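J.: how would this look folded up:
(3 chains)
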Amino acid sequence: MTLEQRYLDAKKTLFDKAYSSLNDMQKDAVFTVNNPLLVIAGAGSGKTTVLVRRIAFIIKYGNAYHSTYVPYGVDEEHVSSLEKAAENVDGEELEAILSQFSSSPCEPWRMLAITFTNKAAKEIKDRLASEVGNEDISKEVWAGTFHSICMRILRTHGEKVGYRAGFSIYDADDSKKAIATAMKNLNIDEKAFPIKVVANIISDAKNRLLNPEMFESEAGNDFRLKKVAAIYKQYQTTMMQSNVLDFDDIIMKTVELLDKFEEVRKNYQARFKYVCVDEYQDTNEAQFKLTALLAGGYRNLMVVGDDDQSIYKFRGATIENILNFDRVFSDAKVIKLEQNYRSTQTILDAANAVIKNNVGRRGKNLWTNAGAGEKIYVKKTEDQNSEARFIVDKINSYVSAKKAEFKDFAVLYRNNAQSSTIEKTFAKSGIPYRMLGGTRFNDRKEIRDIVAYLHVIENHDDRERLLRIINVPSRKIGDKTLEAVEDIAGEQGCSMFDVIENADKYKALEKSAGKLMAFADLINYLGGIAEDISIEGLIRETLDRSGYRQMLIDGGEPEQERLDNLDEFISGAIDYERSLENDPDLPPTLFGFLEENALVADVDKYDDKADAVVLMTVHSSKGLEFPIVFLPGMEDGIFPGMQSVMGSDAEIEEERRLAYVAITRAKRELFISHVNSRLLYGKTSYNPESRFLREIPDELVKRDEPFSQMRKLNSLPFDSGYDKPRYEKITINRNTSARPAAPMGKKETFNEGDVVEHATFGRGEILSAKIVGADTLYEIAFDKVGTKKLMASFAKLKKI
DNA sequence: GAAGGCGGTCTTTTT
DNA sequence: GACCGCCTTC
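T.: Just a heads-up that it's a prediction; the model follows:
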């Protein structure tokens, strides 16, 4: 063997040693630095680890591993010292030796890492900081979501694609409102063209990079599509006038920018030497084009994803991006990570067995050397209530047996509607829980209102937000006035705010000029002080001067929560300012705060420290893991959902991928349940066991289904704690002192016939009382509101 | 212009 | 079954 060859071998051995905590596939992915690379990363296969360590590797060593460069004058002594080091050197000493191999390492600022969530971006940054041991270096790396990175580009070059300084972002709700406005302008009936449908079509078009003109020509002679094209055109015009972008615009306009302006494109292409994209299976066409453009200079594009975890097709993701990556980039290397570090083999076998029924996939098989573990526990109960009690009882028995803590459990359901039963049952049983999803913080009315104020202060042209707040609190500015303002703005070719500011100059606004101009004064005053005071101060000032806070205070008790939410919003602003106060590159600004607020959803609400069971949809659980997972509602019609059962194979395949995600969240144990009859959306349905459950081989499963057994055997009476309602009916004899056990050991109890007073329902008579768990369920005939069933612990009842 | 009634809707939703 | 948004009503 030549000296050169020995040198190169020794180098690889040393690197392999330094990265020995990774498996061979992971190492291959870390060391493969140049040219397109596709990493198919199965659930729990250490994807983020690979991503982070690869970025750090590139920053430290560049292409050192595969480089065939041998320094001039390498001699026997040098080579044998390396060979020796490969045998007995470790830790820092090893690192020091490796540093000699650096081969055109990459400056951190030339490194781009794109994710889908802020959480993922933050995780990459944090782990990168500890991996390279230098926070400043990790900060220089461009790591962010598709949207934040595009906004960063648009902030510099936005005016080239038609945006004026201070442009802002519309979220899905805002943009629906703008679509409604566009439709009103065009006299298109919302019933014939439901906004939701139109919004989806427009969003789809944008994800396929079709501008209104292209969409129109694609629509051809299709009547409906032609109408939608007209709406799209109108919508886009008003969006530009309002100087706002929707989420899809952020990507599409950036692509347009890079496409049209060669010098901008060249600039970024020359800058980004390495580009990594996470969750590649969830990218859409526009995002594909964007990455191809940004990575187009050096073509060192790495994408990581799992085609089996593609669950966002309904939002425009095209699984083809990952399926065809190595066809589009014909020199791409493909690496599969199939070793799983999360779950037991039983759980992985189940997941593999389910997903292998999909046709549209690359194919892979997860394995672990963690051992088989417990069987999957399948439970059938009578209805959703007994299902929830089953979950509660399991959790309680595990916790009291010290087999687990509350925070080890997650309940993952297919749709949010399933959560209410579980939530109520948890609440009644005193199980601590946290629910993720549901109404987002930013979607609350009061938050949208204050955000709208801030946006209007920043950007007077923001039409929808102006309309949102101009009469909140009431300033006696009605629809007719606003229509007149709108007409004048149209005639004059100026914004509504311009008209409002100068209302006294227009005859049509004679009556309302004072009110309009007072509003303009308010906004201008706030805009004037915005420069000089903190964002926190501006928010407080806005709430006070606008009368918004007073409006809520006047609203009394029921509005208290809104006031609390506003306080939380203010804390968010304080956090934002603190986080950036020492950052010379990015000082805190109202613009920045609003942008962050638009792009950052419920900031990592999920912290795994609190000892509470987690409740969320399967979709939101992607990327997370839990020791013990419950999957309630494993029924055809729920999971897979009715729509997909009735729909195409492709839809069922997406649901199956979702099931795959659900199963692979579990580390130790998996409980799957389904019910005989389910009350959902006010209707009772009798769903058969999910086809996905039937795809799990019997030998992996332990079934606990007395209900179905009873049917089969059609014999013995049985007593299961779950299949019968668990309360006993108590008949109360008015003449005895026998009473139902006092719930929660406190409160007064009532008997049949007692007359009580309820805080909101008023006077009523107790019709019946049932012990339910540790509580009592009263049926009460109220004088005013009729008969209601109330839990004693929730209803504040007083005996009269 | 505010409040209450009714009727339509209800997968999933990283930004 | 529950919630939201539109429409009616005063």
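J.: enumerate every residue touching residue A:454.
T.: A:538-539, A:542, A:590, A:593-594 (CB atoms under 8 Å, 6 or more residues apart in numbering). Bear in mind the C-beta positions are built from the backbone N, C-alpha and C, glycine included.
J.: secondary structure, distance to residue A:498 and pLDDT for the residues you listed - can I get that in a markdown table?
T.: Shown next, in a markdown table, are those (DSSP: H, G, I helix; E, B strand; the rest coil; distance: CB to CB, whole Å; pLDDT from 0 to 100):
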| residue | secondary structure | distance to residue A:498 | pLDDT |
| --- | --- | --- | --- |
| A:538 | helix | 23 | 95 |
| A:539 | helix | 26 | 94 |
| A:542 | helix | 21 | 94 |
| A:590 | helix | 21 | 89 |
| A:593 | helix | 26 | 90 |
| A:594 | helix | 22 | 88 |
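J.: okay if I get those as CSV plus neighbour count and distance to DNA strand C?
T.: Listed next are the contacts of residue A:454 as CSV, based on neighbours: other CB atoms under 10 Å; distance: CB to the nearest atom of the strand, whole Å:
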residue, neighbour count, distance to DNA strand C
A:538, 22, 27
A:539, 24, 24
A:542, 23, 23
A:590, 20, 27
A:593, 22, 25
A:594, 21, 22
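J.: which parts of the stretch 1-150 of chain A are strands?
T.: Assigned strands in the stretch 1-150 of chain A, in chain order: A:37-41, A:111-115, A:142-145 (criterion: DSSP state E, counting those that start in this stretch).
J.: can you redo those as JSON lines with mean neighbour count and mean pLDDT?
T.: Formatted as JSON lines, the strands of the stretch 1-150 of chain A follow (neighbours: other CB atoms under 10 Å; pLDDT from 0 to 100):
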{"stretch": "strand A:37-41", "mean neighbour count": "26", "mean pLDDT": "96"}
{"stretch": "strand A:111-115", "mean neighbour count": "25", "mean pLDDT": "96"}
{"stretch": "strand A:142-145", "mean neighbour count": "22", "mean pLDDT": "94"}
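J.: now do residue A:88: how many residues are near it, please.
T.: When neighbours are counted by other CB atoms under 10 Å, residue A:88 registers 8.
J.: who are the contact partners of it?
T.: Counting by CB under 8 Å, 6+ apart, residue A:88 has no contacts.
J.: and it, how far is that from DNA strand C?
T.: According to CB to the nearest atom of the strand, to the nearest Å, residue A:88 and DNA strand C sit 67 Å apart.
J.: what are the contacting residues of stretch A:488-498?
T.: Here stretch A:488-498 has contacts from A:241, A:456, A:460-461, A:463, A:466, A:482, A:485-486, A:499, A:506, A:508-509, A:520, A:523, using CB under 8 Å, 6+ apart.
J.: and for stretch A:225-239?
T.: Residues contacting stretch A:225-239 (CB under 8 Å, 6+ apart): A:170, A:175, A:178-179, A:181-183, A:185-186, A:188, A:193, A:198, A:201-202, A:205, A:211-213, A:215-216, A:218-219, A:245-246, A:249, A:463.
J.: in three-state terms, label residue A:166 for me.
T.: At residue A:166, secondary structure determined by DSSP: H, G, I helix; E, B strand; the rest coil is coil.
J.: tell me, how many residues neighbour the residue lying closest to it once chain neighbours are set aside?
T.: Once flanking residues are discounted, residue A:166 sits nearest to residue A:459: 4.8 Å by CB to CB, 6 or more residues apart in numbering. Counted by other CB under 10 Å, the residues lying close to residue A:459 total 23.
J.: doesn't residue A:165 make contact with residue A:459?
T.: No: under the criterion of CB atoms under 8 Å, residue A:459 makes no contact with residue A:165, lying 9.1 Å away.
J.: could you dump the helix or strand hosting residue A:420 to PDB, C-alpha only?
T.: For residue A:420, the host element (DSSP states H and E) is helix A:419-429. Extracted C-alpha coordinates of helix A:419-429, given in PDB (Å, rounded to 0.1, in the frame of the first residue of the first chain):
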ATOM      1  CA  SER A 419     -60.700  15.600  22.800                       C
ATOM      2  CA  SER A 420     -63.600  16.900  24.700                       C
ATOM      3  CA  THR A 421     -64.800  13.600  26.200                       C
ATOM      4  CA  ILE A 422     -61.200  12.800  27.200                       C
ATOM      5  CA  GLU A 423     -60.700  16.200  28.700                       C
ATOM      6  CA  LYS A 424     -63.800  16.100  30.700                       C
ATOM      7  CA  THR A 425     -63.000  12.700  32.000                       C
ATOM      8  CA  PHE A 426     -59.500  13.700  33.000                       C
ATOM      9  CA  ALA A 427     -60.800  16.800  34.700                       C
ATOM     10  CA  LYS A 428     -63.300  14.800  36.700                       C
ATOM     11  CA  SER A 429     -60.700  12.200  37.700                       C
END
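J.: what's that helix packed up against?
T.: Counting contacts by 3 or more CB pairs under 8 Å, 6 or more residues apart in numbering; DSSP states H and E, helix A:419-429 packs against helix A:384-400, strand A:409-413, strand A:433-435, strand A:613-617.
J.: and those as a markdown table, adding distance to residue A:328, mean neighbour count and mean pLDDT?
T.: Converted to a markdown table, those look like this (distance: least, CB to CB, whole Å; neighbours: other CB atoms under 10 Å; pLDDT from 0 to 100):
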| stretch | distance to residue A:328 | mean neighbour count | mean pLDDT |
| --- | --- | --- | --- |
| helix A:384-400 | 45 | 20 | 95 |
| strand A:409-413 | 34 | 25 | 96 |
| strand A:433-435 | 41 | 17 | 88 |
| strand A:613-617 | 32 | 22 | 93 |
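J.: and the ones you listed: which comes nearest DNA strand B?
T.: Nearest to DNA strand B among the helices and strands packed on helix A:419-429 is strand A:613-617 (3.2 Å), distances taken as CB to the nearest atom of the strand.
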